[in-house]
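**Student:** Sequence and predicted model, in that order:
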Amino acid sequence: MEVNSLSVIVAGSGGAGAISTGSLLLEAAGLSGWYAYMTRSVGAQIRGGEAAAQLRVSCGPAASHEDHFHILLALDWKNVGRFAAEMPLTQDSLIIGDPEQGDVPPEIAASGAQQALLPMKQMCQAIAGGRPNMVAMGALAGLLSLPRQVVDAVLEKQFGHKGEKVLAASRAAVNAGLDAVCSLPEMPRLARPRRSAETRWILTGNQATGLGALRGGVRFVAGYPITPATEVLEWMAPALDKVGGTLVQAEDELAAINQIIGASYGGTPSLTATAGPGLSLMTESIGLAVASETPIVVVDVMRGGPSTGIPAKSEQADLNIALYGLHGDAPHLVLAPNSVPDCLFATQWAVHLAESLQTVALVLSDQALGQARSVVDKPADSIFPTRRLTAAASAVDKYQRYALTDTGISPMAIPGTPGCQYTADGLEHNEASLPSSLAADHQQQLDKRERKLALHDYGVSWADVEGEGDIAIITWGSCTGAAREAARRWRDEGRSLRLISLRLLAPVQPEKLASALSGVWRALVVEQTHSGQFQRYLRAHYTLPAQLECLNRPGPLPIRSNEILARLAKWK
Amino acid sequence: MLSSLTNALAYLQLPPEQVALVSGIGCSSRIPAYTNVYGFHGVHGRALPVATGLKLARPDLTVLVAGGDGDGFSIGGNHFLHACRRNVDLTYIIMDNQVYGMTKGQASPTTAPDWKGSELTPEGTGVNSFQPLVIALAAGANFIARCFSGEPANLAEILVQAIQHPGFSVVQVLSPCVTFRPEQRQWKNLVRMAPEGLGTDIQAATQRLMDDDGLTIGQVLYKGNRPPYRSRKGCEKKMSELEMEFAL
């Protein structure tokens, strides 16, 4: 049997090499011409916890997992049973374990999948420096039909610099795994990819976010490490160095957000990246940036909440705090990327909007997007021409920082500009930036800050709208991958469906959504929250089809396309 | 305080547009609005991070930070420690009146433990007072001075030195709050000039600061020469070069 997509899990205890094996397979699949998508699931511990690389190799672009996995290979079974819910298997799946590591845990065996043994540890005994995860790499490469020379090239790239001994050991272990494939049950064969002329990239959502920020012009970053946002900062640190920017590891999130406000006040587009608890700490100062009209970009890579929640796993439940977390009436932008490559576009757009509108753009990524490593077509170059409206040198006493303009955008004097000295303020102020508690000044400045966001034309990027028909899926963020796949499968059966994935969550775009929903009588909202935050937000601000249902579930289990299809099927 | 600051800036002949004065919240934090330099009046306790970001992004500017004892040592205490450690070229002026004036007279970190003047702590705080200069020294600050707002010429002189010092400089300015601590009017009789000037010996400075009653003023009490933290001047590579790492 030939399939267009094969899904594999490599699991084991933290440190056993599951994630790195998955990454090597991903790269080999990409080099062989397939697309690939890999998420990772890890426990809270750094070592000794559980870790799994969930990999999908496919002929076309993939941004979500299939309904189930074809192969589960466990380097060992320690704690892997905890993952059972995250790794759906069927009777057609194959579980591969090492006989030395004991029996398949009952939660996993319950799937009824067929089982096979691969003595990875024993096979390594004859190979000096050989590691079981490299045997696994070989076996999986064989089952995925990855060409040997590509696997070899990936090994060379990964281990070549560690010396001939290490490389030879890896090669020998991988070859042992490849040779052992004939002893394993036959699996569906992955169809050959169609060679495309497009350049392919391999990157994570967090890297794409960092790159989007740099493309947007960000040259100052401050941050405090937090899972799963740290990789945005880690990628940006050396990258900023190369393009002439600065990254500071701040003492805490409060420092990070205020450092970027200071840098941006000085004229440098600035960004911080954090996750839920960090966002909570930053909210007061995000309001300061709104009030003082200092452009900044805040990336929140969401994880399970509330409180410290489930740090290493995904959820979309920071939506409420992103939209409503600031005190006072503080209009700001909230954007959400909906795929790994879209992390690049959405962040670049966020920088452009923050700078153009002199406000805060909050980017809601999540763990599933941020830590997903993916083989994608090279993202297109996007060009956003407008930049911050700055003030030129002017006569003393004439410059008004917060002048009331039709657009709501006032020219911003950057320190160093003679004759325009002013004090930026989080206190309510008048046009000249003098603190004011007058009702009229408050009203005018609130109007101005609201107006500049409301009047801006956000163009077609506010959402991805695809397909036609009188029923629709409305979704956002990482759920879009599964929703898109559901829509494709639905259409493959000759039925029509509209998919609307909102990229601009705030300010609201009622007319645009109304137009996108024109003729739709029934819609399904898909989101990864416990309380249906997105659905509630839509209901509060938009006119929606009378028949509206919500498919919502908290993290960490991703919503899958078959669940969405099952809900749609009930509508017939 | 304001006149000392403007005199210091005038003495240094800094063009007003090349100076930025950053503050947090409190009576003393209103000072940027009374000057003709660029100012940033932020939220409570976060003046130092704003100034840090500004200076690192714009090393060409002279960046000053102003605030009070509550803003700097209570809500902003962590930033104070790390600003001393990090040693960015900033001048931090802390107007210390040992009281929260803006919220009508509560105890601050530098208030004596037996002060019973606040309705919040009618029996006194019972908590040892924060020793800003000792802590600054321990945290790594390289320029430490204490002045009195009632000695404006001396204050201006110290501010000049603090601004000229490369790296983080801390100037504690005893600034009486005659509204909520009228007894501080006596400070003009109690303060005394420190017997000796510049010290570069950290052990001697520590000893001197530990033994001090908090009323010696007028001198740079410690001056070290640790190099300031600067943003690295990176090379200007093209984005396309950077993006090569993602290509398969």
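**Tutor:** Nice, I can see it. Computed from a prediction, not measured in an experiment: that's the story for all the values here. Numbers count the residues shown, from 1 in each chain, chains lettered A, B, ... in the order given.
**Student:** Sticking with the residue sitting nearest the centre point of chain B, tell me its helix or strand.
**Tutor:** When CA atoms, centre = their mean is applied to chain B, the residue found nearest the centroid is B:Tyr92 (2.8 Å). Secondary structure assignment for B:Tyr92, by DSSP states H and E: strand B:91-96.
**Student:** Now tell me what touches that strand from outside.
**Tutor:** B:1, B:5, B:27-28, B:48, B:63-69, B:72-73, B:80, B:83, B:110, B:132, B:149, B:159, B:162-163, B:165, B:168-175 (CB atoms under 8 Å, 6 or more residues apart in numbering or on different chains). No exception for glycine: its C-beta is placed from N, CA and C like everyone else's.
**Student:** quick one: the helices in chain B?
**Tutor:** B:2-12, B:47-57, B:69-70, B:77-86, B:132-139, B:152-164, B:187-190, B:202-211, B:239-243 (DSSP state H).
**Student:** if we can go back for a sec, point out the ones among the contacts of strand B:91-96 that are inside strands.
**Tutor:** When these are checked against strands (DSSP state E), the matches are B:63-68, B:169-174.
**Student:** and which of those is nearest to chain A?
**Tutor:** B:Val63 (8.5 Å; CB to the nearest CB).
**Student:** who does that closest one bridge with?
**Tutor:** When assigned by DSSP bridges, B:Val63 has beta-bridge partners B:Ala20.
**Student:** In contact with it, which residues?
**Tutor:** By CB under 8 Å, 6+ apart, the neighbours of B:Val63 are B:19-20, B:22, B:51, B:54-55, B:89-91.
**Student:** go with 6 Å
**Tutor:** Each residue near B:Val63 by CB atoms under 6 Å, 6 or more residues apart in numbering or on different chains is listed here: B:20, B:51, B:54-55, B:90.
**Student:** Just the CA coordinates for stretch A:264-282, please, in CSV.
**Tutor:** Extracted in CSV, the C-alpha atoms of stretch A:264-282 (Å, rounded to 0.1, in the frame of the first residue of the first chain):
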residue,chain,number,x,y,z
SER,A,264,12.1,51.9,21.4
TYR,A,265,11.7,55.3,22.9
GLY,A,266,15.3,55.8,21.7
GLY,A,267,14.1,55.0,18.1
THR,A,268,15.1,51.3,17.8
PRO,A,269,12.3,48.8,16.9
SER,A,270,12.3,46.4,19.9
LEU,A,271,10.8,43.1,21.0
THR,A,272,10.5,40.7,23.9
ALA,A,273,9.4,37.1,23.9
THR,A,274,7.8,35.4,26.8
ALA,A,275,5.1,32.8,27.9
GLY,A,276,2.0,33.1,30.0
PRO,A,277,3.5,33.8,33.5
GLY,A,278,5.9,36.3,31.9
LEU,A,279,3.1,38.0,30.1
SER,A,280,1.2,38.5,33.3
LEU,A,281,4.2,40.2,34.8
MET,A,282,4.6,42.4,31.8
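**Student:** Drop anything exposed from the contacts of strand B:91-96.
**Tutor:** B:1, B:5, B:27-28, B:48, B:63-69, B:72-73, B:80, B:83, B:110, B:132, B:149, B:159, B:162-163, B:165, B:168-175 (16 or more other CB atoms under 10 Å in any protein chain shown).
**Student:** helices or strands next to whichever strand or helix holds A:Asp464 in the packing?
**Tutor:** For A:Asp464, the host element (DSSP H and E) is strand A:463-468. In terms of contacts (3 or more CB pairs under 6 Å, 6 or more residues apart in numbering or on different chains; DSSP states H and E), strand A:463-468 is packed against strand A:497-502.
**Student:** quick one, the strand it packs on and strand A:463-468 angle?
**Tutor:** 180 degrees (axes from the mean of the first three to the mean of the last three CA atoms, to 10 degrees).
**Student:** what residues does the stretch 201-350 of chain A put near chain B?
**Tutor:** A:201-203, A:220, A:239, A:241-244, A:246, A:251, A:255, A:258-263, A:265-266, A:268, A:284-285, A:288 (CB under 6 Å from any CB of the partner chain).
**Student:** Buried among those? Make that a PyMOL selection.
**Tutor:** The PyMOL selection below is limited to those of those classed as buried (16+ other CB under 10 Å):
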select buried, chain A and resi 201+202+203+220+239+241+242+243+246+251+255+258+259+260+261+262+263+265+266+268+284+285+288
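**Student:** Just to be sure, which of the residues of the stretch 201-350 of chain A next to chain B are found in strands?
**Tutor:** Filtering these for strands - DSSP E - leaves A:201-203, A:220, A:246.
**Student:** mind putting those in CSV, pLDDT included?
**Tutor:** Shown next, in CSV, are those (pLDDT from 0 to 100):
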residue, pLDDT
A:Trp201, 97
A:Ile202, 97
A:Leu203, 97
A:Phe220, 98
A:Thr246, 96
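**Student:** And those, which is closest to A:Glu164?
**Tutor:** A:Ile202 (26.0 Å; CB to CB).
**Student:** Confirm for me that A:Ser13 is in contact with A:Lys78.
**Tutor:** Yes. A:Ser13 lies in contact with A:Lys78 (CB atoms under 6 Å); the separation is 4.4 Å.
**Student:** Quick check, pLDDT for residue 80.
**Tutor:** Defaulting to chain A. On pLDDT, A:Val80 comes in at 87.
**Student:** Let me rephrase: I mean chain B.
**Tutor:** 98.
**Student:** Could you do B:Ser231 as well?
**Tutor:** B:Ser231 carries a pLDDT value of 81.
**Student:** same deal with A:Val42?
**Tutor:** Confidence score, pLDDT, at A:Val42: 83.
**Student:** A:Ala128 too?
**Tutor:** So A:Ala128 comes in at 89 (pLDDT).
**Student:** In space, what's closest to it - neighbours in sequence excluded?
**Tutor:** Closest residue to A:Ala128 apart from its sequence neighbours, by CB to CB, 6 or more residues apart in numbering or on different chains: A:Ala169 at 6.2 Å.
**Student:** separation between that neighbour and A:Glu100?
**Tutor:** 19 Å (CB to CB, to the nearest Å).
**Student:** Over to B:Thr206?
**Tutor:** For B:Thr206, the distance to A:Glu100 - CB to CB - is 60 Å.
**Student:** Who has more neighbours out of those two?
**Tutor:** B:Thr206 (16 against 12; other CB atoms under 10 Å in any protein chain shown).
**Student:** and that one, what is it in contact with?
**Tutor:** Applying CB under 6 Å, 6+ apart, the residues near B:Thr206 are B:Leu137.
**Student:** per-residue pLDDT, it?
**Tutor:** At B:Thr206, pLDDT is 92.
**Student:** Also A:Leu25?
**Tutor:** Per the predicted model, pLDDT is 97 at A:Leu25.
**Student:** OK, contacts around it?
**Tutor:** A:55, A:140.
**Student:** Where does it sit: helix, strand or coil?
**Tutor:** helix (DSSP: H, G, I helix; E, B strand; the rest coil).
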